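Peer 1: Return atomic coordinates for the entry below.
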Amino acid sequence: MSFPYLKQMGLIVLALVATLTAGAHIAFAQVKNPELEALKREIEELRRSDAEKQRKLDELQRRIQIMESQPIAGEKPAAPESALDRALKETEPAAEQAPRTDFFSRQIGGTTFRLIDISLDALFAAGTSTERDASIQNLQGGDHDPRRRGFTVQNIELSLSGAVDPYFTGETHIIYLIDPVAGETRVELEEAFLTTQALPYGLQLEAGFFFTEFGIINPTHPHAWDWLDQPVMNTRLFGPDGLRQAGLRLGWLTPLPWYSEVHVGMQNANGETASSFLANGEFFEERPIGGRPFVERDVRSSKDLLYLARWVNSWNLSDAVTTKVGLSGLYGPNATGPDGDTWIYGADLKLTWRPTNNFRGWPFVLWQSEAMKRDYRADRFFDDSDPGNIIDLPRATLSDYGFYTQALYGFTYGWAAGLRYEYATGSGESVLSFDGRRNDPFRDDRHRVSPLLVWHPSEFSRIRLQYNYDRADHLERGDTHSVWLGVEFLYGAHPAHKY
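Peer 2: Just a heads-up that it's a prediction; the model follows:
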C-alpha cells in the first residue's frame, strides 16, 4: 500500500472514533442525569400554570369592568321615563319569560321573594275505652282528641306561609276534620295572620286571626303535641279548639343579657273559640260553664275585649340543658251578664336535655309542666218568663285550677317513651242541669295518668301508642281505661312551630 492511502484510512478511523466517543458521552450524560428532564418538565408546567392564572385574572378584570359600567339593580334611571315612552312600551309584545320553578314568587327590586310554602299534616287515631261513646265525648273534651271507639280523624291541617314583602310574613292554617258524633266533614280557619319583620327596638307585631299565646299547649298546633290529646285543664279553660280569635299582639324582645320576651295582646272575646269569655249561645247549649245561662252581650267599648300579658324567659344551664319559664295572664268579659268577667292565670316550665354529641336529636329528655287557674265571676241572673220555673241566681265566683306535668325520653334514635300526670279541681257549685260540681264533667275533680310510646320512622311520620287511666267524679264507675293508637304523616314545607 502506498503512504497516501494509509493516511486516508487513518483519518477515517479517527473520525469514527470521535463520533462514537461523542455519542457515548451524550448517552452517558442522559443516563447519569435523570433530574435534568424532570426540571425541564417542571419549568414547562409552571409556565403553563402562570399562563392559566393570567388568563383567569384577565377574565375577572374584564367582568369587573363590565359590572362597573352597568347601573346598580333598583337604581333609578338618570332621566325619568316620559309618558310617551311608557305608552310605546305597553304597545310592544311582552318578551317571553323563562318558566318559574317555584310555586309563587314576586320580584321586589332586585330580590325575588318565594311567597308560599305549602304543606299538609294529617293525624288519625284508633282505639277503645271502657266508657261508651257518649261519655267519651266529655272525657276526651278536645276537638282534636281521639273521641270515640274505633277510628277518629283528628286533624288534617293545610298550611301556607311565606314572605309577603320585605316588611311582613304571613301564615294561614286551615283545618279539616270529621265530627265523631255526626260524621260530618268540618272545615275551620285555625289561623291567618301576618307578622312584622322590620320594627325597631326589638318589637314585633302580629295581627289577624291567631292562637292566644297563653302557656305552652294553647298556641301549639295539635300535630306538635307530644301526646295524642290536649291536657284536661286546657280543655276546661280554653274549650275544645283552644283559645284563638281575631286581634293583634305586640312582642318586645328585651335587652336583658338572657332571652326575655314580653307579649301583650288584644282580641275579640266572643265565639266558640273564646269559651271562658263571651263565647256564644251554641257553645253554652253543649257546655254551659257552671251550668249558667247564656246572656248575649254587645261590644260597646274596649272593656268588652280580651287582653293578654305574657312574659317568657330562657336560659342555657349548660351546653346540653336549656330551660324556659313563662308567666301568662288573661282578662275579659264573660257571658253571664253585663257585670260578669273572667281572669285566667298561668305559669309554665320547659326543660330540655340534649347532649352536644347527639345523633339527629337523640338521645333527649323533655320535661314540661303548666299550672293554671280561672276565676269565672258570674253575674246575677233572674228570669221569671216561666212562672213555673223562675230562675234566680246570685253573683258567684267559680274557680277552676289544676296542672299537668309530662316527661318524654328519647332513648334511641327514632324511639321515645313518656309519662304524663294531670290533676284538675275547683270551687263554687255548678247549677241548674248539673246540680253540683261533682256532676259537671268540665268542673269536677279529675286525675289522669298517660304512659306513651312513640316511634318516628322518619322526620315525616310518627306512630304513637297511648294509654289513659282517668278517675273523675262524674263517671258512674269512678274511673275508666282507654287505649289510643295515633298515626301522623307530613309532606311539604311545614313552617316551624314555636319552641
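
Peer 1: residue ranges with poor pLDDT in the chain?
Peer 2: 1-40, 44-52, 55-56, 58-59, 61-115, 494-499 (pLDDT under 70).

Peer 1: And the helices in it?
Peer 2: 3-32, 35-69, 83-91, 133-139, 232-238, 281-286 (DSSP state H).

Peer 1: OK, contacts around R395?
Peer 2: 339, 377-380 (Cβ atoms under 8 Å, 6 or more residues apart in numbering). For glycine as for every other residue, the C-beta is placed from the backbone atoms N, C-alpha and C.

Peer 1: Quick check: phi and psi at it.
Peer 2: phi -60, psi 140 (degrees, to the nearest 10).

Peer 1: isn't L327 right up against R310?
Peer 2: Yes - L327 lies in contact with R310 (Cβ atoms under 8 Å); the separation is 6.9 Å.

Peer 1: The residue nearest to Y307 when sequence neighbours are not counted: how many residues sit nearby?
Peer 2: Excluding the flanking residues, the one nearest Y307 by Cβ to Cβ, 6 or more residues apart in numbering is Y331, at 5.0 Å. Y331 sits with 17 neighbouring residues when counted by other Cβ atoms under 10 Å.

Peer 1: Next up, the contacts around Y331.
Peer 2: Applying Cβ under 8 Å, 6+ apart, the residues near Y331 are 306-307, 341-344.

Peer 1: swap the cut-off to 10 Å and go again
Peer 2: Y331 sits next to 269, 277, 303, 305-309, 341-345 when contact means Cβ atoms under 10 Å, 6 or more residues apart in numbering.

Peer 1: circling back to that earlier point, quick one: which of the contacts of R395 sit in strands?
Peer 2: Taking DSSP state E as the definition of strands, those contribute 377-378.

Peer 1: By neighbour count, which of the contacts of R395 wins?
Peer 2: A378 (27 neighbours).

Peer 1: Tell me the spacing between that one and N334.
Peer 2: According to Cβ to Cβ, to the nearest Å, A378 and N334 sit 7 Å apart.

Peer 1: Now the common contact residues for those two.
Peer 2: What both A378 and N334 touch, as defined by Cβ under 10 Å, 6+ apart, is the set 289, 292, 295, 340-342, 398.

Peer 1: quick revisit: more neighbours: which of L327 and R310?
Peer 2: A count of neighbours by other Cβ under 10 Å puts R310 above the other of L327 and R310, at 23 against 14.

Peer 1: just the buried members of the contacts of Y331?
Peer 2: Buried subset of those (neighbour count, 16 or more other Cβ atoms under 10 Å): 269, 277, 305-308, 341-345.

Peer 1: Pull the most distant pair out of these.
Peer 2: L305 and Y345 (18.6 Å; Cβ to Cβ).

Peer 1: Spit out the contact partners of W343.
Peer 2: Per Cβ under 10 Å, 6+ apart, neighbours of W343: 276, 329-332, 373-377, 397, 399.

Peer 1: any idea how far it lies from R464?
Peer 2: For W343 relative to R464 (Cβ to Cβ), the value is 35 Å.

Peer 1: and what of P180?
Peer 2: Taking Cβ to Cβ, one finds P180 at 19 Å from R464.

Peer 1: Show me what stretch 175-187 is in contact with.
Peer 2: 120, 122-124, 133-134, 136-137, 140, 143-158, 174, 188-191, 221-222, 241.

Peer 1: For ChimeraX, write the select line for the buried members of those.
Peer 2: In ChimeraX, this line selects whichever of those come out buried by 16+ other Cβ under 10 Å:
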select :122,123,124,136,137,140,143,144,145,146,147,148,149,152,153,154,155,156,157,158,174,190,191,221,222,241
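
Peer 1: Out of the contacts of stretch 175-187, name the ones that lie in strands.
Peer 2: 120, 122-124, 150-158, 174, 188-191.

Peer 1: so what's F211 bridging to?
Peer 2: Using DSSP bridges, the beta-bridge partners of F211 come out as R244.

Peer 1: Kindly apply the preceding question to R249 instead.
Peer 2: Counting by DSSP bridges, the residues bridging with R249 are E206, G265.

Peer 1: Thought V264 was touching it, still the case?
Peer 2: Yes - using Cβ atoms under 10 Å as the test, R249 is close enough to V264 to be in contact (7.2 Å).

Peer 1: neighbour-wise, which of those two wins?
Peer 2: Each of R249 and V264 has its neighbours counted (other Cβ under 10 Å); R249 has more, 22 against 14.

Peer 1: contacting residues around N358?
Peer 2: N358 touches 320, 364, 410, 413, counting by Cβ under 10 Å, 6+ apart.

Peer 1: so who does the second one touch?
Peer 2: Neighbouring residues of F364 by Cβ under 10 Å, 6+ apart: 320, 352-355, 358, 408-411, 416.

Peer 1: any chance of those in TSV, with distance to P257 too?
Peer 2: Listed next are these as TSV, based on distance: Cβ to Cβ, whole Å:
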residue	distance to P257
A320	21
T352	20
W353	23
R354	23
P355	25
N358	27
L408	30
Y409	32
G410	31
F411	35
A416	33
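
Peer 1: Got a quick ChimeraX command for the buried subset of the residues you listed?
Peer 2: Command for ChimeraX that selects the buried part of the contacts of F364, burial taken from 16+ other Cβ under 10 Å:
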select :352,353,354,408,410,416
